[in-house]
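S.K.: output the structure for:
(4 chains)
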There are 2 protein chains.
Amino acid sequence: MTTRQGEVLDAVLDLLVEGSALTMNAVARRASCSKETLYKWFGDRDGLLRATVQWQASRVRAGNYERQKLDTAALRESLEQFAANWLAVISSRTSIALNRVAIADAGSGKSNLGAIVLENGRFAIGERLKPLLEDAREAGLLRFNDAEEAFRTFFGLAGRDVQIRLLLGDTTLNLSKQDIERDAAEATRQFFALYGASQLPAEAG
Amino acid sequence: MTTRQGEVLDAVLDLLVEGSALTMNAVARRASCSKETLYKWFGDRDGLLRATVQWQASRVRAGNYERQKLDTAALRESLEQFAANWLAVISSRTSIALNRVAIADAGSGKSNLGAIVLENGRFAIGERLKPLLEDAREAGLLRFNDAEEAFRTFFGLAGRDVQIRLLLGDTTLNLSKQDIERDAAEATRQFFALYGASQLPAEAG
DNA sequence: GGGTCGCCGTACCGTACGTTACGGTTCGGC
DNA sequence: GCCGAACCGTAACGTACGGTACGGCGACCC
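M.R.: Sure, this is the predicted structure:
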């Protein structure tokens, strides 16, 4: 992946975010490259989309969680960061645009953009969060049987209706940085109320 | 909306659920009608899609909640039914297909399918659930300040990652009727843990 | 300075699909 | 039995777009 190729993929992202129709002509014009080059580098339109999705995924992937000795404050801090980061990602125009094409593609089943997005989004964050949850359980801070189920609950508390509303074009939902931090803190508080070891476990699955 | 027109829209739903490309030719063939009739009845392709979305919405709309004197058991029962019904809807092949076209459409901004789906999905269920929550607060069963926020939490606890995974084509998620009932019960239990008046309120927003 | 390579711009091709037009058929009203 | 309306099936048109071909041009090598 040369820098020039990255510029081309950024042009694709630009067009997607704008909501313009993503034709090969439009990409070539925006990226100031020839269509021949596009086909040489990416094969066909599907390959271009796949490369774009992976290109963006490679940028979003944050540092992995480092196993550590946890106390309640550190755990809360980590959870809030996870939630805030996730909310920031799913409310970004880029993520919305990419999820839209991936969802449309998953319907026609031509490429496998949906699987790529899932792998780098929902599943990646799950794999990054579960070690934290398990360390917290080890440290006696959380109670749960199944880390996957606990994660899914946290995912629901953090995301709520945000992603589907944004994907469907709801314009009444405008998450500022402050909103995101407040919502992330609230989700974390609720998660502690459900899974915190200092309280009665809510028959957590 | 004649019954014949309903048959045509059912043909559209069939094609969408199959994942076939939704061309006017395919619709005409599947519905055994002429393209001329399609254009006469629905104007253009967008009109056909709009009519299809509204046609399905008119079928999904369930009975409204009837205000009643609530006790804990009745409240739990109602909440579980709401959650189970919502999970059944969003995991149905029809809903997935319609949400896909609506989301794709919301990206290009041609029609306003996204708004229609939101209005008949997420927002409709919110308006139906909030009176129940408020009655429960009135009856001293729940504690919260903002019914909208409480609803959004319930929405997150019930839906979690289900909708986005299905929209993105995740095939590892297969919700049986039993799964749905179990998840609905669990979400309701968690919601009570967060907002039930018999416990300390979790600083609920 | 000539040859080669990689790329840009553009013209071009084939096809898919939205849309329109039209001949043929059924059916209710008189 | 005849008329008109509604509708079916299909052919035809125009366009948009994915994909290909080709001429030109700067860069680099020898």
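S.K.: residues near A:A193, how many?
M.R.: Neighbour count of A:A193, defined by other Cβ atoms under 10 Å in any protein chain shown: 21. For every residue, glycine as well, the C-beta is placed using N, CA and C.
S.K.: anything in the helix or strand hosting it near chain B?
M.R.: Here A:A193, judged by DSSP states H and E, is contained in helix A:177-195. Yes. Helix A:177-195 lies within reach of chain B by Cβ under 8 Å from any Cβ of the partner chain, at A:186, A:189-190, A:193-194.
S.K.: need the CA coordinates for that helix. PDB is fine.
M.R.: Taking C-alpha atoms only, helix A:177-195 is exported to PDB below (Å, rounded to 0.1, in the frame of the first residue of the first chain):
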ATOM      1  CA  LYS A 177     -17.700  15.400  22.600                       C
ATOM      2  CA  GLN A 178     -19.400  16.300  25.900                       C
ATOM      3  CA  ASP A 179     -22.500  14.200  25.000                       C
ATOM      4  CA  ILE A 180     -20.200  11.200  24.300                       C
ATOM      5  CA  GLU A 181     -18.300  11.600  27.500                       C
ATOM      6  CA  ARG A 182     -21.500  11.900  29.500                       C
ATOM      7  CA  ASP A 183     -23.100   8.900  27.800                       C
ATOM      8  CA  ALA A 184     -19.900   6.800  28.200                       C
ATOM      9  CA  ALA A 185     -19.800   7.600  31.900                       C
ATOM     10  CA  GLU A 186     -23.500   6.800  32.300                       C
ATOM     11  CA  ALA A 187     -23.100   3.500  30.500                       C
ATOM     12  CA  THR A 188     -20.200   2.600  32.700                       C
ATOM     13  CA  ARG A 189     -22.200   3.500  35.800                       C
ATOM     14  CA  GLN A 190     -25.000   1.300  34.700                       C
ATOM     15  CA  PHE A 191     -22.700  -1.500  33.800                       C
ATOM     16  CA  PHE A 192     -21.200  -1.400  37.300                       C
ATOM     17  CA  ALA A 193     -24.700  -1.400  38.800                       C
ATOM     18  CA  LEU A 194     -25.400  -4.700  36.900                       C
ATOM     19  CA  TYR A 195     -22.100  -6.400  37.100                       C
END
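S.K.: show me where chain A has helices.
M.R.: For chain A, helices defined by DSSP state H occupy the ranges A:3-18, A:24-31, A:35-42, A:45-60, A:72-90, A:93-108, A:113-120, A:122-138, A:147-159, A:162-167, A:177-195.
S.K.: figure out which of those helices is closest to B:D105.
M.R.: B:D105 sits nearest to helix A:93-108 of all the helices of chain A, at 9.2 Å, using Cβ to Cβ.
S.K.: list the buried residues of the helix holding A:A193.
M.R.: Within helix A:177-195, the residues scored as buried using 16 or more other Cβ atoms under 10 Å in any protein chain shown are A:180-181, A:183-195.
S.K.: how far off helix A:122-138 does it point, in degrees?
M.R.: Helix A:177-195 runs at 50 degrees relative to helix A:122-138, counting by axes from the mean of the first three to the mean of the last three Cα atoms, to 10 degrees.
S.K.: does the lowest-mean-pLDDT helix or strand in chain A reach DNA strand D?
M.R.: Counting by mean pLDDT, DSSP states H and E, chain A has its least confident helix or strand at helix A:45-60, which shows a mean of 92. Yes. Helix A:45-60 is in contact with DNA strand D by Cβ under 7 Å from any atom of the strand, via A:R45.
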